[in-house]
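> what would the 3D arrangement of this be:
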Amino acid sequence: MADPKDFFLPAIAGTYPDLRRALNTATTIERLIDGQNVYKAQEEAILAAKHTVVFVTWAFGPKMPVQSDSARKVAANWGLLLLSTAKNASVRILMTDQDPIFQLRAHADAWGAYRLLVDAAQKLGISEANFQVAVARHPADWQPGMAGTAVAEKRLMDILDIAKASTDKSRVLSDFQFLPGLWGLIDPVAGKQLKPPTSAIPGTHHAKFLIIDEEIAFVGGINHIAANIDNQKHDMTAATNYQWHDGAVKVQGKIVADIFDVALQMWNQFHPKAKQFVDDANKLVVSGVNPLPTRKTTDLTANSPPGKAPGDGPIGAQVWRTVCNSIVNDQPVTTHKDISEGHVQAIGLAEKFIYIENQYLRDNGMADALIKRFQDLKAKKPPVDLNLIILLPGLAEEVILANAAGTQLDPISTQGVNLQHDIIEKLQKAFGPNLGVFSPMATGRTASITDPKTKKTTTVKKMIYVHTKLMIIDDVFATLGSANANPRSFELDTEMNLAWYDPASVRGLRNELWREMLGNKSGAAGWLPKQYAAKWSKIAAGNAKLKGTTSWQGFIVPYDNGKRLPSTTTIPDWLTLSEPRDNGTQLA
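Numbering: from 1, shown residues only. So this is what the prediction gives:
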């Protein structure tokens, strides 16, 4: 049995972003499974805030409805909840920006949220000291070469052509106010290009965490948008044609100071640049477009005002990050690979089973570590049967979006799909019956899917989209956070995971997840780890044989790895998507 300390990475001395904090402690780690449970717990904590709220997020819809009864008494949505809290506490919101050409919709969503929040704060008379918002670009600009520049130029011309073809110029201007990254590049009303694109911003700040009074932290991979609201029965009315499975943990203890330090350093590094972007964009605004509202932002400091000092706890915990500040020779220069290195190190300590939930499984380094550990244990005398259970979405989100739009999958998404296909195939060959790969479907729920070409509508079982980023080892160790298991999250995007060793909380987390996925009557509590893959497979196979949407046991069916997609383009693995948000170039 490994020493608990062996699961954690050694400290790195220095200053941010180079340092890595040493193993610390938590007093409590509380599991929060699926969106409604996460949002309710966060809302309760926000309502109780006395000093500070620091909210770091990838996607935020301020109009997302609140979920708790107590929050509904104060505000109808998250934007108003945070604005209300700012009357008595300091609130800072750090959102990611995205490339305005390649991720047009996501760029517009970020700046739409910024406008909404800042305009509301000014209208309500909330002081700049108490409410600050920054939309931050990832620092790694990329000059993608002649081929990539040509693609960007064509994409920009496509956007301009759509604007030129529109007969509703007021709508064009209305849309354009949410696209400040295009100001200075095109004039959509005049229908002309002002400047060619010179670089792309492929990276994002993908970390997602919330800190209250420097005493409580929430860490996970869930976004704060209406489409992610769901419960553990997955029977809520969804904003999409699929349900949503996600999670986070609520953390208290000394480790919160390390989480807060990440927020402090990110905010202090990026808020001045975000403010400068606003000022520069407003100098380029075209006639008829409202400039971005401006609002002062200031540095964040620790313990100001001081909160209650957290005490030592029994749970060993560490913050893992991915940090990249530049791209050189078409490769990310990753200064922190904590999450990638931590996964590989922890996998090498597994003795009985590994359980993974992730949106993607596209990292060959992680796959190779899994295979090596399986083979090493198999070579022991007597051999040890390591079981590996993987829960993935039935389809990647970029495939769902392309299917819904009736468009061909783009080369970047195709590369990602093929990368995962090859890794699953490699794992299946290595593990044989000791591997189970599954996807959840919402029993009793259906979706109407219309083919955009034939207009024919069919009714299908509703998929539950797996968005959790979780790995559990032997019921003693877990890591959960924002990082997908792909090269982009391990090398490019800004990410943060919490890693912890605690048999009680880790076992409790797995048990609750398995009750959700396998049903309450699975008998999983009595299974031996060496039986896990076979038991899961039996339940999944039984569900797959059912023609209707009832009589299922839990939600799972076997994952369909399909076939490799045709591809003639070579795309760097790190460029495959973290989370797709763009479904076209709609401007009017």
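
> three-state assignment of residue 463?
strand (DSSP: H, G, I helix; E, B strand; the rest coil).

> so the closest residue to residue 191 other than its chain neighbours is in which element?
In this structure, residue 191 finds its nearest non-sequential neighbour in residue 164, 4.2 Å apart by Cβ to Cβ, 6 or more residues apart in numbering. (Each C-beta comes from the backbone N, C-alpha and C, glycine too.) Using DSSP states H and E, residue 164 sits in helix 145-165.

> what residues of that helix count as buried?
Residues of helix 145-165 classed as buried by neighbour count (16 or more other Cβ atoms under 10 Å): 148-149, 151-152, 155-156, 159-160, 162-164.

> relative to residue 193, how far out is the residue nearest to residue 191?
Distance, residue 164 to residue 193, by Cβ to Cβ, to the nearest Å: 11 Å.

> next: residue 129.
As for residue 129, its distance to residue 193 is 41 Å (criterion: Cβ to Cβ).

> quick one: which of these two has more around it?
residue 193 (14 against 10; other Cβ atoms under 10 Å).

> for that one, give the beta-bridge partners.
residue 186 (DSSP bridges).

> next secondary structure after the least confident helix or strand in the chain by mean pLDDT?
Among the helical and strand segments of the chain, the one scoring lowest on mean pLDDT, DSSP states H and E is helix 397-405, with a mean of 73. For helix 397-405, the following helix or strand on the C-terminal side (DSSP H and E) is helix 411-431.

> shaky segments in the stretch 351-500 of the chain?
404-405, 444-461 (pLDDT under 70).

> tell me where it has helices.
Remark: helices assigned in the stretch 351-500 of the chain by DSSP state H, counting those that start in this stretch are 364-378, 397-405, 411-431, 487.

> just put those in CSV and tack on mean neighbour count and distance to residue 295.
Formatted as CSV, the helices of the stretch 351-500 of the chain follow (neighbours: other Cβ atoms under 10 Å; distance: least, Cβ to Cβ, whole Å):
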stretch, mean neighbour count, distance to residue 295
helix 364-378, 18, 41
helix 397-405, 18, 33
helix 411-431, 19, 35
helix 487, 24, 36
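
> now the angle from the least confident helix or strand of the chain to helix 411-431?
130 degrees (axes from the mean of the first three to the mean of the last three Cα atoms, to 10 degrees).

> thinking again about what came up before, mind putting the buried residues of helix 145-165 in a markdown table, distance to residue 349 and pLDDT included?
Shown next, in a markdown table, are these (distance: Cβ to Cβ, whole Å; pLDDT from 0 to 100):
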| residue | distance to residue 349 | pLDDT |
| --- | --- | --- |
| 148 | 41 | 75 |
| 149 | 45 | 82 |
| 151 | 43 | 83 |
| 152 | 44 | 88 |
| 155 | 45 | 90 |
| 156 | 49 | 93 |
| 159 | 49 | 92 |
| 160 | 54 | 93 |
| 162 | 53 | 91 |
| 163 | 55 | 91 |
| 164 | 59 | 90 |
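
> can you put those in a markdown table and add distance to residue 110?
Shown next, in a markdown table, are these (distance: Cβ to Cβ, whole Å):
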| residue | distance to residue 110 |
| --- | --- |
| 148 | 23 |
| 149 | 24 |
| 151 | 22 |
| 152 | 19 |
| 155 | 18 |
| 156 | 19 |
| 159 | 17 |
| 160 | 21 |
| 162 | 20 |
| 163 | 20 |
| 164 | 25 |
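
> and which of those residues is nearest residue 290?
residue 163 (17.0 Å; Cβ to Cβ).

> that closest one touches residue 171, doesn't it?
No - judged on Cβ atoms under 8 Å, residue 163 makes no contact with residue 171 at a distance of 9.6 Å.

> any idea what residue 319 is bridged to?
Bridge pairing for residue 319 - DSSP bridges - gives residue 498.

> what's near enough to touch it?
By Cβ atoms under 8 Å, 6 or more residues apart in numbering, the contact set of residue 319 is 21, 24, 255, 258-259, 262, 338, 496-499.

> closest one to residue 477 out of the residues you listed, please.
residue 499 (7.4 Å).

> gap between that closest one and residue 349?
Noted for residue 499: a distance of 12 Å to residue 349, by Cβ to Cβ.

> higher neighbour count, those two?
residue 499 (25 against 17).

> my guess is the more buried one contacts residue 479, does it?
Yes - the criterion here is Cβ under 8 Å, and residue 499 meets it with residue 479 at 4.2 Å.

> and for those two, which residues touch both?
320, 342, 346.

> which of the residues you listed has the largest number of neighbours?
When neighbours are counted by other Cβ under 10 Å, residue 346 leads the shared contacts of residue 499 and residue 479 with 26 neighbours.

> which residues sit against stretch 370-386?
347-348, 350-354, 388, 426-427, 430-431, 434, 530.

> and which of these is nearest residue 187?
The nearest member of those to residue 187, counting by Cβ to Cβ, is residue 426 at 50.2 Å.

> check contacts around that closest one.
367, 371.

> rerun that using 6 Å as the cut-off
The contact partners of residue 426, by Cβ atoms under 6 Å, 6 or more residues apart in numbering, come to residue 367.

> top helix in the protein by residue count?
Taking DSSP state H as the criterion, the chain has its longest helix at helix 255-282.

> what helices or strands is that helix leaning on?
Where contact means 3 or more Cβ pairs under 6 Å, 6 or more residues apart in numbering; DSSP states H and E, helix 255-282 is packed against strand 24-26, strand 131-136, strand 315-328.

> buried residues in that helix?
255-267, 270-271, 274-275, 277-278, 281.

> quick one: that helix to strand 131-136, angle?
Using the same axes, to 10 degrees, helix 255-282 lies at 70 degrees relative to strand 131-136.

> related to what we said a few turns ago, could I get the shared contacts of residue 499 and residue 479 as JSON lines with distance to residue 473 and pLDDT?
Compiled in JSON lines, the shared contacts of residue 499 and residue 479 are given as follows (distance: Cβ to Cβ, whole Å; pLDDT from 0 to 100):
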{"residue": "320", "distance to residue 473": "14", "pLDDT": "98"}
{"residue": "342", "distance to residue 473": "11", "pLDDT": "98"}
{"residue": "346", "distance to residue 473": "6", "pLDDT": "98"}
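
> tell me the one of those residues nearest residue 2?
residue 346 (9.2 Å).

> gap between the closest one and residue 369?
For residue 346 relative to residue 369 (Cβ to Cβ), the value is 9 Å.

> measure stretch 14-29 end to end?
Taking Cα to Cα, to the nearest Å, the first and last residues of stretch 14-29 lie 28 Å apart.

> how about low-confidence regions in the stretch 151-300 of the chain?
238-240.

> do that again at 90, thanks
By pLDDT under 90, the low-scoring segments of the stretch 151-300 of the chain are 151-152, 166-167, 169-170, 189-190, 198-199, 235-242, 286-287.

> just to revisit the earlier point, and which of the shared contacts of residue 499 and residue 479 is nearest to residue 103?
Looking across the shared contacts of residue 499 and residue 479 and measuring by Cβ to Cβ, the closest to residue 103 is residue 320, at 25.6 Å.

> in space, what's closest to the closest one - neighbours in sequence excluded?
Nearest one to residue 320, counting by Cβ to Cβ, 6+ apart, is residue 338 at 3.8 Å.

> count residues in the vicinity of that neighbour, would you?
Quick note: residue 338 (other Cβ under 10 Å) scores 25 neighbours.

> contact partners for it?
So residue 338 contacts 9, 320-321 (Cβ under 6 Å, 6+ apart).

> what's the closest of those residues to residue 571?
Out of the contacts of residue 338, the member with the shortest distance to residue 571 (by Cβ to Cβ) is residue 321, at 25.2 Å.
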